[in-house]
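*Asks:* Okay, predicted coordinates and the sequence, questions at the end:
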Amino acid sequence: MLIRRAERPAGLRGARVAAALLAVAAVIAPAVARAQGYPARFEIGTAASEQDIAPIAIAVPSDGKGLPPGSGDYARGKTVYESACAACHGADLMGVAGLPNMPNGAQLRLIGGRGTLATKNPVLTVESYWPYATTLFDYVRRAMPFTAPGSLASDDVYAVCAYILAEGHIIDKSTVLDAKSLPRIAMPNREGFIPDPRPELFK
Amino acid sequence: MASPEPVAEKTRALEEALSRIGEPIEEAQARELAALEQCECKDGMFALAATRRGLLGGAGTVAAVGMTAMLPRHARAKAPAGAVEYPVPADSTKEQGRLMGIDGGYGSRSQFESEVRWANPTRTASFTPMQSGYGIITPSGLHYERHHGGIPNIDPAGHRLVIHGLVDRPIKYSLSDLKRFPTVSRTYFMECSGSSGSEIMKAREPTVQRTHGLVSTSEWTGVPLSTLLRQTGLKPNAAWVLAEGADAAVMTRSVPLDKCLSDALVVFAQNGEAMRPEQGYPMRLFLPGWEGNISIKWLRRLEVSEQPFYTREETSKYTDLITATGKARMFTFTMEAKSVITFPSGEMRLPGAGFYEITGLAWSGRGKIARVEISTDGGKSWSLASVQEPVMPICQTRFRFPWIWDGLPAVIQSRATDETGYSQPTHEQLIAERGALESGSLFYHMNAVQSWGIAADGSVKNAHPSS
């Protein structure tokens, strides 16, 4: 056991141990320094199989790697949207205000707002702000609709993305979204992000 | 020897009390309890103004005189959250107190204490009552909360943390696996990046709980993430780690590998016991000094990758739109130096001129607090506060400052400087740097100097330099 080894007096150990102790004694309590027993690897945990990983590895990066098979278009997306999304995001995609225990209407808004980012009342939506269409797919698939998160089939997720992006005038209503076309969408605010420059030098 | 009847009566009372453990109280009862606890007839000072008005409204003398008469009625009310209501004896020295163990083996706070977290109207965040906190540790039940899909109820028996992606050996860990690793305990603050955002343009919220309560401090115990990543190994092109929660939002954030290999922890304990469900039970990521939401709760998956994933919570949210330019800062992780005076603070009332000990908290995501300065003249002059040892890195630090109030209107402020030399800015400096933004919920990383205005009648209000 590690603990028992830690309690052994240092004198029982060789000169190299003593030298190592001197090196670390200033920052680590001697009882711990004497332990020496922590292995580089522990035989703890279980190998994760493909069956463990695949069902939960649902994140989609911006290059679209891992997007599922399937496809969807505007017409199907409109149907999905009306049944699964409109109650909170509004029939006009402008967000519904005053819902109990929900974010305010502005935060539920999905489209509009281009040209407002450099004002003191910016309107942040999928259309005006989101840099990647893959993020929309990823988020809808993992967390929407609110009352049944993660319940939409891949075809429906592609379709509802097509509907939202077409209503936001980012793609044509004729565009079919799938694993190939979705990552290629050029979002209007794609170049709108910069690295963190802080700490700021205040005047 | 006690007669059987009082004993039986006491037993019944205790059983009744036990049966009420965990029962919520209604808002009206909570207000009544708060009023009794803080009314001026009890200790005369620091009462919340709103509570005083509620208590004294139209019947001030009756309320004050009727205090004693009200107590028994109050004692029959259901207990505040986190407390159990027990009978109050007329003289506690003349009968035996309750037996150990009747609380089921897990204690509760006094039924006369009623401080609670304040939940925002959308019930997506709750705020720590900093105005009544002591020292630097936040009680686990008062730690602020921010959830993106509610609080999941997770049985650890079925929960696994899977580490995969650009690793040599994908591994899954149960909670008991995790506890077998060498652990560390660290006392760290955690703060929501949206904390105080409401206050950037003007004074909006009335109390320090609502202006600054999205920050708390706990002792966290867990396993260094570097230890876990050494078990899996890392491919040469590994650069980011996606962390994912098991909540309804399946909340995800991308974390630079450097952070994962330095001070990142996977924690399972808070303040000496299992972490609370609302903090991520059974396990969460903890990234010291970084905005709270990236310390993914209910952690179920870590995927090592070459690039960030640009998840919803690091693109559409938690990016800092600089309205001065229309560009948004992305991956703004660090919570910078900040402080606030918690006494006296908004909606309190000082009973008159004289001595007060100003106190509050300071913290920095970049390390230790180097100094805290206090101004009692609205920022014209500053004096050093004393800071309570030990001052720990990335941890709230309690400061104190003796003050004789002359009874004239005053504006009191605190300003923290951390060990990197960074000092808290003013609102004007932040707005000049980042641009004006009316929606407080969009203004992240708001760490400006907070002002409390004290009127001649002793009432304390949130004050803003622009108003």
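*Replies:* That came through fine. Numbering: from 1, shown residues only, chains lettered A, B, ... in the order given.
*Asks:* Leaving out chain neighbours, which residue sits closest to the residue of the stretch 301-450 of chain B found nearest chain A?
*Replies:* The stretch 301-450 of chain B approaches chain A most closely through B:G326 (3.3 Å), counting by C-beta to the nearest C-beta. C-betas here are computed from N, CA, C, even on glycine. Nearest residue to B:G326 in three dimensions, chain neighbours excluded: A:A118, at 3.3 Å (C-beta to C-beta, 6 or more residues apart in numbering or on different chains).
*Asks:* from memory the residue of the stretch 301-450 of chain B closest to chain A sits against A:G192, does it?
*Replies:* Yes. Counting by C-beta atoms under 8 Å, B:G326 does reach A:G192; the two are 7.1 Å apart.
*Asks:* Report the contact partners of the residue nearest to B:G326.
*Replies:* B:323-326, B:435 (C-beta atoms under 8 Å, 6 or more residues apart in numbering or on different chains).
*Asks:* show me what contacts A:G192?
*Replies:* A:117, A:129, A:131, B:326-328.
*Asks:* Tell me which two of the residues you listed sit farthest apart.
*Replies:* Pairwise distances across the contacts of A:G192 peak at 13.5 Å for A:P131 and B:G326 (criterion: C-beta to C-beta).
*Asks:* Which residue of the two possesses the greater neighbour count?
*Replies:* For A:P131 and B:G326, the more surrounded residue by other C-beta atoms under 10 Å in any protein chain shown is A:P131, and the numbers stand at 20 against 16.
*Asks:* Once you drop chain neighbours, what's closest to the more buried one?
*Replies:* Leaving aside its sequence neighbours, A:P131 sits nearest to A:R190 (C-beta to C-beta, 6+ apart; 5.0 Å).
*Asks:* So the closest residue to chain B within chain A: helix, strand or coil?
*Replies:* Using C-beta to the nearest C-beta, the single residue of chain A nearest to chain B is A:A118, 3.3 Å away. Classification of A:A118 using DSSP: H, G, I helix; E, B strand; the rest coil returns coil.
*Asks:* Show me the helices in chain A, by range?
*Replies:* Using DSSP state H, the helices of chain A run over A:2-7, A:15-25, A:30-33, A:50-53, A:74-84, A:86-89, A:105-108, A:133-143, A:154-167.
*Asks:* Repeat that for the stretch 201-350 of chain B.
*Replies:* B:208-212, B:225-232, B:257-261 (DSSP state H, counting those that start in this stretch).
*Asks:* and these, which is most packed in?
*Replies:* helix B:208-212 (a mean of 27; mean count of other C-beta atoms under 10 Å in any protein chain shown).
*Asks:* so how many other residues sit close to the residue nearest to A:P131?
*Replies:* Neighbour tally, A:R190, other C-beta under 10 Å: 13.
*Asks:* Return the distance of it relative to B:F331.
*Replies:* 16 Å (C-beta to C-beta, to the nearest Å).
*Asks:* quick revisit: tell me, what's touching B:G326 and A:G192 both at once?
*Replies:* By C-beta under 8 Å, 6+ apart, the residues touching both B:G326 and A:G192 are A:L117.
*Asks:* Spit out the contact partners of B:P206.
*Replies:* B:50, B:346-347, B:461-462.
*Asks:* okay if I get these as TSV plus neighbour count and distance to chain A?
*Replies:* TSV is the format used below for the contacts of B:P206 (neighbours: other C-beta atoms under 10 Å in any protein chain shown; distance: C-beta to the nearest C-beta, whole Å):
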residue	neighbour count	distance to chain A
B:A50	14	24
B:G346	25	24
B:E347	23	25
B:K461	18	25
B:N462	22	21
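*Asks:* Neighbours of the closest residue to A:Q107 other than its chain neighbours, how many?
*Replies:* Sequence neighbours aside, A:G95 is the residue nearest to A:Q107 in space, at 6.9 Å (criterion: C-beta to C-beta, 6+ apart). The number of residues packed near A:G95 is 21, by other C-beta under 10 Å.
*Asks:* Pretty sure A:G95 sits against A:L110.
*Replies:* Yes. Between A:G95 and A:L110 a contact is recorded at 7.3 Å, counting by C-beta under 8 Å.
*Asks:* what do the two both touch?
*Replies:* Shared contacts of A:G95 and A:L110 (C-beta under 8 Å, 6+ apart): A:H89.
*Asks:* where does the chain dip in pLDDT?
*Replies:* Using chain A here. Applying pLDDT under 70 to chain A flags the ranges A:1-36.
*Asks:* That was the other one, I meant chain B.
*Replies:* In chain B, residues with pLDDT under 70: B:1-77, B:467.
*Asks:* ok, back up a step: can you tell me which of the contacts of B:P206 end up in strands?
*Replies:* Of the contacts of B:P206, the ones assigned to strands by DSSP state E are B:461-462.
*Asks:* What is the nearest of the contacts of B:P206 to B:F443?
*Replies:* B:N462 (16.3 Å).
*Asks:* Look up how far chain A lies from the nearest residue to the closest one once chain neighbours are set aside.
*Replies:* Once flanking residues are discounted, B:N462 sits nearest to B:A203: 4.1 Å by C-beta to C-beta, 6+ apart. The gap separating B:A203 from chain A is 17 Å, by C-beta to the nearest C-beta, to the nearest Å.
*Asks:* Okay, strands next: where are they in the stretch 251-400 of chain B?
*Replies:* For the stretch 251-400 of chain B, applying DSSP state E, counting those that start in this stretch gives strands covering B:252-256, B:265-270, B:273-274, B:284-286, B:299-305, B:320-322, B:327-330, B:338-343, B:354-363, B:369-375, B:383-384, B:386-387, B:397-405.
*Asks:* Can you get me a residue count around B:H147?
*Replies:* Count around B:H147 with other C-beta under 10 Å applied: 20.
*Asks:* List the contacts of it.
*Replies:* So B:H147 contacts B:124-125, B:247, B:249, B:278 (C-beta under 8 Å, 6+ apart).
*Asks:* any idea which of those is the one closest to chain A?
*Replies:* Nearest to chain A, judged by C-beta to the nearest C-beta, of the contacts of B:H147 is B:A249 at 4.8 Å.
*Asks:* Confirm for me that the closest one is in contact with A:M144.
*Replies:* No. When contacts are counted by C-beta under 8 Å, B:A249 is not listed as touching A:M144 (9.7 Å).
*Asks:* Excluding chain neighbours, what is closest to A:R114?
*Replies:* Nearest to A:R114 is A:S128, by C-beta to C-beta, 6+ apart, at 4.9 Å.
*Asks:* how about the strands in the stretch 51-200 of chain B?
*Replies:* Using DSSP E, counting those that start in this stretch, the strands of the stretch 51-200 of chain B run over B:118-119, B:125-127, B:145-146, B:161-165, B:171-173, B:184-191.
*Asks:* To A:A153, which of these lies closest?
*Replies:* strand B:161-165 (24.0 Å).
*Asks:* so what does that closest one touch, helix or strand wise?
*Replies:* helix A:50-53, strand B:171-173, helix B:225-232, strand B:299-305 (3 or more C-beta pairs under 8 Å, 6 or more residues apart in numbering or on different chains; DSSP states H and E).
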